[in-house]
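*Asks:* Please work out how this folds:
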Amino acid sequence: MVLNCFMKKNHNFRTPQKEVRTPPDVSAWEKSAAYQDIFGFLVSMNDGVRGKKLSSKCHQSQTILALGEMINQLSGWINDIPPVDQPQRYGNKSFRDFYAKICQSGEILLRAALPMEFHPAVPEITIYLQESIGNSTRIDYGTGHELAFIMFLTCLYKIGALKEEDSQATVTVIYKKYMDFVRKLQITYKMEPAGSQGVWSLDDYQFIAFIWGSSQLHMNPKISPELFTNERIVDEFAEEYLFLGCIKFIMAVKTGPFAEHSNQLWNISGVQSWTKINQGLFKMYKAEVLNKFPVVQHVLFGSILSIEPTDHVAYHPPGPGIMGSRMPSGSKNLPMGAPGAMGTMPPMSTMPPMGTMPPMGTMPPMGAMPPMGTMPPIGMRPPMGTMPQMR
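*Replies:* Presented below is the predicted three-dimensional model:
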């Protein structure tokens, strides 16, 4: 996983830039080293938090502690830059001042968090941190910005600043702090969801928290999937599991029956096990985020996360289907089983190096979405994975 060649004195770090400019370019992205590195990182962290609470004891290196403090500082800046009074309901313009401050001081913060040997990589990596807080022009936030933070963390592993033993804390400490930070941004500056499809979205803003959160709930004796919409369960365990933390946030910001405002999640609650949910969410993330041009056209590539192709052959693992009890009997049985999905992921020590994870298969066509503005009866929802493009 650690590629220390990046820290050689003659390595040429460079400012990340866009490479996916047209829909056909998505194919190059899917075959790139960056794609495999990012997906390899996701499944590695998924394995690292399997069955573990957020409060579970874990190794916290000095770098983990320093990165956590850095995010705390970023969150504190929100208090220093309050929203302004304006007629618009969404998109408070003070966010642009906040964004400008991160662009101005981000490198300073990251240098303070990392040992000096990694400082040559800071200018390149900081770009991903800046991209992870939202868009300053539209004042919105979506899965593409969350992906930028995943790329930021992937870079830290690739240069060796974070190591295998940091995997649990990367999720339970660093990613959790990031989630709290961006939610504070979303609420304070009334940021719009970037590309959300409303009731057909898994969530207006996040996705990764559901993947890693479902891994945390693996074989949980107290919380079966059908219970994650239960408000008592959510209130009791939201601070221990990322998945339930997301549900609590949704319940706080949305009104009406859960099955209507969060249709995709309500369907998922009918799946028989967290293992299948985890597998299905990996597949869904690949189909609806990693493979969608509206999202990946914003991905930035540099010397650490490269658009250059890998030499590895695509891997198409077998996997179970997913059918929730709350879905109609005629619903499609989606092939799941993403590489590294819960229950199929080997230990991190046996994983291939980052950059060698093979690309997954393509998502089968799922049919058309109902016309805009219509809501099907509760028993006639589309199967998971049929949602339209997200940013």
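*Asks:* Let me see the contact set for Ile304.
*Replies:* 6, 13, 121, 124-125, 155, 158-159 (Cβ atoms under 8 Å, 6 or more residues apart in numbering). Using the backbone N, CA and C atoms, a C-beta is placed for each residue, glycine as well.
*Asks:* Quickly find the element holding it.
*Replies:* If you go by DSSP states H and E, Ile304 is not part of any helix or strand.
*Asks:* Which parts of the stretch 51-200 of the chain are helices?
*Replies:* 62-80, 94-113, 122-131, 143-158, 167-169, 176-188 (DSSP state H, counting those that start in this stretch).
*Asks:* quick one: buried residues of stretch 94-103?
*Replies:* 94-95, 97-99, 102 (16 or more other Cβ atoms under 10 Å).
*Asks:* want to throw those residues into a markdown table with pLDDT and distance to Gln36?
*Replies:* Putting these into a markdown table (pLDDT from 0 to 100; distance: Cβ to Cβ, whole Å) gives the following:
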| residue | pLDDT | distance to Gln36 |
| --- | --- | --- |
| Ser94 | 97 | 39 |
| Phe95 | 98 | 33 |
| Asp97 | 98 | 38 |
| Phe98 | 98 | 33 |
| Tyr99 | 98 | 30 |
| Ile102 | 97 | 29 |
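*Asks:* Grab the nearest non-local neighbour of the residue sitting nearest the centre point of the chain.
*Replies:* The centroid of the chain falls nearest to Ile208 when counting by Cα atoms, centre = their mean (3.0 Å). Nearest residue to Ile208, sequence neighbours excluded (Cβ to Cβ, 6 or more residues apart in numbering): Glu146, at 5.8 Å.
*Asks:* Leu162 too?
*Replies:* Leu156 (4.5 Å).
*Asks:* What is the burial count for the one you found?
*Replies:* 26 (other Cβ atoms under 10 Å).
*Asks:* Find the residue ranges of this protein scoring beneath the pLDDT cut-off.
*Replies:* Applying pLDDT under 70 to the chain flags residues 1-9, 196-201, 312-391.
*Asks:* so where do the strands sit in it?
*Replies:* Listed in chain order, the strands of the chain (DSSP state E) span 17-18, 140-141, 192-193, 300-301, 321-322, 334-335.
*Asks:* still on that earlier bit, Provide a list of residues in contact with the residue nearest to Ile208.
*Replies:* Neighbours of Glu146 in contact, by Cβ under 8 Å, 6+ apart: 132, 182, 205-208.
*Asks:* got it, and Pro225?
*Replies:* Counting by Cβ under 8 Å, 6+ apart, the residues that Pro225 touches are 268-274, 277.
*Asks:* So Val299 versus Ser32, what's the distance?
*Replies:* The gap separating Val299 from Ser32 is 10 Å, by Cβ to Cβ, to the nearest Å.
*Asks:* What residues of stretch 251-271 count as buried?
*Replies:* By neighbour count on 16+ other Cβ under 10 Å, the buried set for stretch 251-271 is 251, 258-259, 261-271.
*Asks:* Using PDB, list the CA coordinates for stretch 127-139.
*Replies:* What follows is stretch 127-139, C-alpha atoms only, in PDB (Å, rounded to 0.1, in the frame of the first residue of the first chain):
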ATOM      1  CA  ILE A 127      -5.800  20.600  -3.600                       C
ATOM      2  CA  TYR A 128      -7.900  17.500  -2.700                       C
ATOM      3  CA  LEU A 129      -8.500  18.900   0.800                       C
ATOM      4  CA  GLN A 130      -9.700  22.200  -0.800                       C
ATOM      5  CA  GLU A 131     -12.000  20.300  -3.200                       C
ATOM      6  CA  SER A 132     -13.500  18.300  -0.400                       C
ATOM      7  CA  ILE A 133     -15.500  21.100   1.300                       C
ATOM      8  CA  GLY A 134     -17.800  22.000  -1.600                       C
ATOM      9  CA  ASN A 135     -18.000  24.300  -4.600                       C
ATOM     10  CA  SER A 136     -17.500  28.000  -3.900                       C
ATOM     11  CA  THR A 137     -19.300  29.200  -7.100                       C
ATOM     12  CA  ARG A 138     -22.500  27.200  -6.700                       C
ATOM     13  CA  ILE A 139     -22.200  26.900  -2.900                       C
END
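*Asks:* May I ask you to confirm that the residue nearest to Leu162 is in contact with Ile125?
*Replies:* Yes. Counting by Cβ atoms under 8 Å, Leu156 does reach Ile125; the two are 7.0 Å apart.
*Asks:* for Pro83, what are its contacts?
*Replies:* By Cβ under 8 Å, 6+ apart, the residues touching Pro83 are 92, 94, 188-190.
*Asks:* Show me which pair in the residues you listed is furthest apart.
*Replies:* Farthest pair in the contacts of Pro83 (Cβ to Cβ) is Ser94 and Lys190. Separation: 10.0 Å.
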